[in-house]
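# The following block contains a protein sequence and its predicted model.
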Amino acid sequence: MTNTLNKRGPGRPRNLELTSQRQEEILATATEVFADRGYASTDVQEIADRLGIAKGTVYHYFPSKEQLFLASVDRGMAGLSRAINEGFDPKTDPIKQIAQAIRAFLQYFDTNADVIELIVQERAEFRDRKKPTYLEHRERNVRPWNELFEALSLNGRFKPINAEQVTQTISNLLYGTIFTTYFARHGQSFESLSNQVLKLVFAGILSESEMANIDKYLEV
């Protein structure tokens with residue numbers, strides 16, 4: 001007697017959990033290979049070989065090397081967003097939240113340095129893209145921070161500021177920090193730079209009364 005329970009009929013959806021797991025495996029491996037070899041020198045066959053699957057299976061999920069690469073960058077940036085959101089306590093003091101978020105940003109790249117390589121490669125290989133992936137993610141996630149900065153400015157804990165300009169400046173500072181530190185290759189962790197970065201950020205935005213107590217926002 002034929003067992004029909006394990007057969008997927010025409011209208012039966014795929015196992016979404018298994019599909020998601022396979023996509024994650026492919027993207028994780030692709031991230032490593034692209035970071036190591038570069039986009040132009042990477043053959044999808046090598047990614048498939050590392051996974052022990054057919055090259056056609058990779059193309060089933062990602063129809064081209066370009067789509068696979070861009071999905072890998074997107075995965076990396078989505079991971080950064082999760083790390084930041086999970087890295088601060090929404091119940092704690094708002095200025096402490098900012099410090100925790102900046103620290104989480106830097107810590108993420110200590111364990112995901114391959115994402116830095118992908119960000120750089122995307123800019124080099126896909127200059128015709130309207131916006132690089134990291135900018136898309138920044139614009140998608142920045143609104144709550146703009147609102148927080150605006151509120152802190154209005155209640156006197158920050159200096160009078162333009163919230164959008166400040167969040168953009170902080171973002172540029174953070175990305176500049178990871179790029180210069182990574183390519184200088186001094187073996188210094190990104191997280192170890194947290195207090196240095198926070199002091200620069202807070203010196204520009206905290207009110208005098210808050211600056212007098214800056215140490216409570218730093219890890220000493």
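Yep, that arrived. These figures come from a predicted structure and were not determined experimentally. Numbering: from 1, shown residues only.

# distance of Asp110 from Leu193?
Computed as CB to CB, to the nearest Å, the Asp110 to Leu193 distance reads 10 Å. Every C-beta, even on glycine, is put in place using the N, C-alpha and C of the backbone.

# For this protein, which segments are assigned as helices?
Taking DSSP state H, the helices of the chain run over residues 16-37, 44-51, 55-61, 65-87, 94-111, 113-125, 133-141, 143-154, 163-184, 194-205, 208-211.

# For the last one, the averaged confidence score.
The average pLDDT for helix 208-211 rounds to 96.

# That helix: how far from the chain's middle?
Its chain's C-alpha centre and that of helix 208-211 lie 31 Å apart, by CA atoms, centre = their mean, to the nearest Å.

# Stretch 211-220 now?
Distance, centroid of stretch 211-220 to centroid of chain: 26 Å (CA atoms, centre = their mean).

# Need the residues that contact it.
Stretch 211-220 has contacts (CB atoms under 8 Å, 6 or more residues apart in numbering) with Ile95, Lys96, Ile98, Ala99, Arg103, Ser194, Asn195, Leu198, Lys199, Phe202, Ala203, Leu206.

# Separate out the buried members of these.
Ile95, Ile98, Ala99, Arg103, Ser194, Asn195, Leu198, Phe202, Leu206 (16 or more other CB atoms under 10 Å).

# and the gap between Ile119 and Leu198?
23 Å.

# repeat for Thr19
In terms of CB to CB, Thr19 sits 41 Å off from Leu198.

# Likewise for Asp93?
14 Å.

# What of Ala35?
Using CB to CB, we find Ala35 at a distance of 28 Å from Leu198.

# same question, Gln188
Counting by CB to CB, the gap from Gln188 to Leu198 is 16 Å.
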